[in-house]
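# Sequence first, then the predicted structure:
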Amino acid sequence: MLTQSQVQRYSNESGLRDMMIAEKEVVLTFLLQLLSERGILNRLAFKGRHLPPGNVHRQPGTIF
């Protein structure tokens, strides 16, 4: 379970003002990380932008 301080830190680093959006982005990031680690992501195709905007500038394999 994520703590409020973890979500707040992500929100601050990403420039997000809405905590609900930050929470959703963190959960989606964790999910994509898990899918990637298990090799499932290699078998999927995404249409459009399905990654949280903060991931564009992050190092591969990092969540925060």
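Noted; the coordinates are in hand. Numbering: from 1, shown residues only.
# gap between residue 8 and residue 43?
Relative to residue 43, residue 8 is positioned 35 Å away (CB to CB, to the nearest Å). Just so you know, the C-beta spots here come from the backbone N, C-alpha and C atoms, and that holds for glycine as well.
# So which of these two has more stuff around it?
residue 8 (13 against 7; other CB atoms under 10 Å).
# Okay, buried residues for the longest helix along the chain please.
If you go by DSSP state H, the chain has its longest helix at helix 19-37. Within helix 19-37, the residues scored as buried using 16 or more other CB atoms under 10 Å are 22-23, 25-26, 29, 32.
# Return the residues in contact with residue 21.
By CB atoms under 8 Å, 6 or more residues apart in numbering, no residues touch residue 21.
# what residue is smack in the middle of this protein?
Among the residues of the chain, residue 29 comes closest to the average C-alpha position under CA atoms, centre = their mean, at 2.4 Å.
# and the gap between that residue and residue 47?
The gap separating residue 29 from residue 47 is 19 Å, by CB to CB.
# about what we covered before: what pLDDT does the model give the residue nearest to the centre of the chain?
At residue 29, the model reports a pLDDT of 88.
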